[in-house]
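In: Provided below for reference: sequence and predicted model.
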Amino acid sequence: MLLFLIGLYLLSNVAVGVWATRRVTTSQDFVLAGRRLPLVLAASVTFATWFGSETIMGAPAMFVEGGILSIIEEPFGSALCLFLVGAFFARPLYRQRITTFCDYFRIRFGRSAELLSALLTIPSYFGWIAAQFVAIGIVLNVVTGVSREVCILFSASVVMVYTLLGGMWSISITDFFHNLIIILALAVLAVLLWSEAGGWARIYQQTPTGFFRFLPRTTLKEWVVYLAAWITIGLGSIPQQDVFQRVMAAKTENTSVQASYLASVLYLTVAMLPLFIALSARILHPSLPKDNQLIIPNMVMQHGSLPLQVLFFGAVASAILSVSSGAILAPAAVFGENVVKFFRPDLSDQAFLKTIRWAVVVITGCSVWMSTARSTNIFDLVGESSAFSLVSLFVPLTAGIYWKQANLRGCLWSMSLGFVTWLFCLWIDTDYPPLVWGLLASTIAMIMGSLSKPTGNIKLTVS
């Protein structure tokens, strides 16, 4: 019965995709929902940007092992990112009326910057999407006993189909209902565990000393690692297409800003629930399997009633489907808009739409391969993806908006040197996080490149 109900729920997402095809007549409808989302839908779809595998499974696993300091990257960094998007990036980007954030690089710096930013953006998503597929594979494996690989293939097919059909419209509608289920399921589970645990005092007494410490000790290396955790997603996910397309789908500039703020608050508050659930489950049920990524699913299967199982696994499937669908559409849109149209600027809108849909299929296939062939640590896969864009795209995007002297040379230097430095530091395994060196190199390259030879490119005025 549980398997049947979960399967029925997953297939209902395909039905939403079929319904959403009636609203998709242009590429803008497919990528940005025609820029017509009201505040409720805009906030909901923005909140769902990352509220998936890492939040419900990856972060709780890290939290149980290492306490608060091990989860600064997620959820705190993610909430910071959404706040900063609303405060500093939503307005200037929304006013450009562009389809992808790589379009901004073309307008501000030139076509070569557009192409390079696109080539750096697309592969950064593979780890992120793979993390979602790994998570849903784990969940369905726990429920059904079917191999993780088969579960990944099935869920990836469902996500691909409804994304192909309705694009951002289907993502927006399904996200709204997904979020309702997510919050309800996590709240019910948290209340039950709170009652079983006997309150917060009992839980606190059974945690190690320093488990809830929020700041690191006084050594320089600990502080650098701590700040790196904040900026991995906090800054690294700002120059990503999935965030851009969700915020830019709002019907007005003010709506896009308000949606970002609301999503930040929702993310930080709701994300506390799976952390509490995992900690309570480990304390109350120490016999659960030692793989902490499985602690919540196994706890629900072994100690939850059938209605709770249906509600919880529906919520997990909801969260992961929400994140993965938007993450698949994002690089597909960048590929069509900023790579294919770079070489074929006369491409018709219908041909462009067809290109994006084919890209959805290819990107899904690549991510499925990555999810079965590489590390299955969800937290690590997501961190790699955000670091990728942090070291190459964050500085040029921010400097382009807020520094009038930023130019094409600085942009290209910043993207290239930051990325190469990060890869080199990963290779030699530096003592300090490689993304810190990559970000530092990207910043220095932008300053030196822009000041060495100013160019007469178009400048964006921020008001």
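Out: Right, received. Where do you want to start? Computed from a prediction, not measured in an experiment: that's the story for all the values here.
In: tell me the contacts of residue 146?
Out: residue 140 (C-beta atoms under 8 Å, 6 or more residues apart in numbering). Every residue, glycine included, has its C-beta placed from N, CA and C.
In: Where does it sit: helix, strand or coil?
Out: Following DSSP: H, G, I helix; E, B strand; the rest coil, the label given to residue 146 is coil.
In: what pLDDT does it get?
Out: Looking at residue 146, its pLDDT is 81.
In: do you know how far it is from residue 406?
Out: Remark: distance between residue 146 and residue 406 (C-beta to C-beta, to the nearest Å) = 52 Å.
In: In the host helix or strand of residue 132, which residues are buried?
Out: Here residue 132, judged by DSSP states H and E, is contained in helix 111-144. Within helix 111-144, the residues scored as buried using 16 or more other C-beta atoms under 10 Å are 113-122, 124-143.
In: Please compute how far it lies from its chain's middle.
Out: Its chain's average C-alpha position is 9 Å from that of helix 111-144, according to C-alpha atoms, centre = their mean, to the nearest Å.
In: ok and the helix or strand just after that helix relative to helix 111-144, angle-wise?
Out: Per DSSP H and E, the first helix or strand lying C-terminal to helix 111-144 is helix 148-197. In terms of direction (axes from the mean of the first three to the mean of the last three C-alpha atoms, to 10 degrees), helix 148-197 departs from helix 111-144 by 70 degrees.
In: Tell me the gap between the helix or strand following helix 148-197 and the middle of its chain.
Out: Scanning forward in sequence from helix 148-197 by DSSP H and E, the next helix or strand is helix 200-205. Using C-alpha atoms, centre = their mean, the mean C-alpha position of helix 200-205 is found 32 Å from that of the whole chain.
In: Give me the contact list for helix 200-205.
Out: Helix 200-205 has contacts (C-beta under 8 Å, 6+ apart) with 194, 197, 212, 279, 280, 283.
In: For it, what does the pLDDT average out to?
Out: pLDDT averaged over helix 200-205 gives 82.
In: buried ones in that helix?
Out: Neighbour counts using 16+ other C-beta under 10 Å place residue 203 of helix 200-205 among the buried residues.
In: and what of stretch 185-198?
Out: Buried residues in stretch 185-198 (16+ other C-beta under 10 Å): 185, 186, 188, 189, 190, 192, 193, 197.
In: Is it possible to get a markdown table of those that adds pLDDT and distance to residue 434?
Out: Shown next, in a markdown table, are the buried residues of stretch 185-198 (pLDDT from 0 to 100; distance: C-beta to C-beta, whole Å):
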| residue | pLDDT | distance to residue 434 |
| --- | --- | --- |
| 185 | 81 | 37 |
| 186 | 83 | 34 |
| 188 | 85 | 41 |
| 189 | 85 | 37 |
| 190 | 86 | 36 |
| 192 | 84 | 42 |
| 193 | 85 | 38 |
| 197 | 79 | 40 |
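In: Going by distance to residue 155, which of those wins?
Out: Closest approach between the buried residues of stretch 185-198 and residue 155, by C-beta to C-beta: residue 185, at 18.0 Å.
In: hang on, residue 422 packs against residue 434?
Out: Yes: contact criterion C-beta atoms under 8 Å: residue 422 and residue 434 qualify, at 5.2 Å.
In: So for the two, which residue has more residues nearby?
Out: Shown here are residue 422 and residue 434; by other C-beta atoms under 10 Å, residue 422 has more neighbours (24 against 20).
In: Leaving out sequence neighbours, find the closest residue to the more buried one.
Out: The shortest distance from residue 422 to any non-neighbouring residue, by C-beta to C-beta, 6 or more residues apart in numbering, is to residue 438 (3.0 Å).
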